[in-house]
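A structural model of the following input is requested.
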Amino acid sequence: MTVPQVPPTQHSGVVEEFCLLDGGPYPLFSVLSVPADWSGGTGVLLLPGAGISSVGNARVWVDVARELAAHGSLALRLDVHGVGESGGTADPADPLRPPTADACAAARRVRERGGTDLVIVGECFGARTALDCVGRVDGLRGLVLLVPPLGTARPGTPGYAAETVDLLDKLEAAVRSGVRVVVAYGPDDTDREPFLSAVTERFGTGFPRALPALLIHSATTKIHGIASVEARMAVGELVVEAVASSVPPTPPSARS
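Below you'll find the model as predicted:
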């Protein structure tokens, strides 16, 4: 499918490219925030929660993408199919069937634009999509999972148990493959305690030593929904720091 490209715009040293990606039967809308002096390096894919456009609540993903670009990383924020400006019809939020193909198409675009070291940031259901990308995209160095839900089925049901096992299986596969994974919840986020209990039950109380690539971050405020100024600030700071920590700096001797 041939998709048109829109001329870029510029914001304080950050060039923004509005483009449509080939999503197969439908076009996918995305926005790239690129450092003005970009020559390649770390690329970040931003995946909002279910039904949320690439702008994000209170424009949080616009701000985060521009902040990442100001720190030297290319950032792409994506409307999955059926959401925002993308084509297609939105699917129900099913943790076992996330829109992985959309995310992989966006990851390929990041790579095409020189983002050789890839970090995927997912919010809520977007975190489940990010996890499902492990083993499907090239150059993946890190995942930043903001309030990933254990499941959408009713807790205590077989469906919820299957969704939780799927999360833990993919989490383990990611960290054992060498991908650095940061998981973040705030003190009042619903899934925080169930997640900690599930991880401890699966991997034991010594999981921080057994799985050093898994880092659990406790935010000072509720993250889910990113509904407050404090949440927006916490998410922005966390994402910028986590991206920088996921990709080791290039040694001077290896730079051209």
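
what stretches of this protein score poorly on pLDDT?
Under the criterion pLDDT under 70, the flagged ranges of the chain are 1-11, 248-256.

Do a quick rundown of the strands in it.
For the chain, applying DSSP state E gives strands covering 9-11, 14-22, 27-35, 41-47, 74-78, 115-123, 140-146, 180-185, 214-218.

Put together CSV for those strands, with distance to Val55 and mean neighbour count on each row.
C-beta coordinates here come from the backbone N, C-alpha and C atoms, glycine included. Putting the strands of the chain into CSV (distance: least, CB to CB, whole Å; neighbours: other CB atoms under 10 Å) gives the following:
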stretch, distance to Val55, mean neighbour count
strand 9-11, 14, 11
strand 14-22, 12, 18
strand 27-35, 9, 23
strand 41-47, 11, 27
strand 74-78, 8, 28
strand 115-123, 12, 26
strand 140-146, 16, 26
strand 180-185, 21, 22
strand 214-218, 24, 16
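
now these as TSV including distance to Gly225?
Output for the strands of the chain, formatted as TSV (distance: least, CB to CB, whole Å):
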stretch	distance to Gly225
strand 9-11	26
strand 14-22	25
strand 27-35	22
strand 41-47	15
strand 74-78	17
strand 115-123	9
strand 140-146	11
strand 180-185	13
strand 214-218	17
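
Of all these, which one is nearest Asp132?
Proximity to Asp132, assessed across the strands of the chain by CB to CB, is greatest for strand 115-123 (9.5 Å).

Packing partners of that closest one?
Contacting strand 115-123 under the criterion 3 or more CB pairs under 8 Å, 6 or more residues apart in numbering; DSSP states H and E are the following elements: strand 41-47, helix 100-112, helix 125-132, strand 140-146, helix 229-246.
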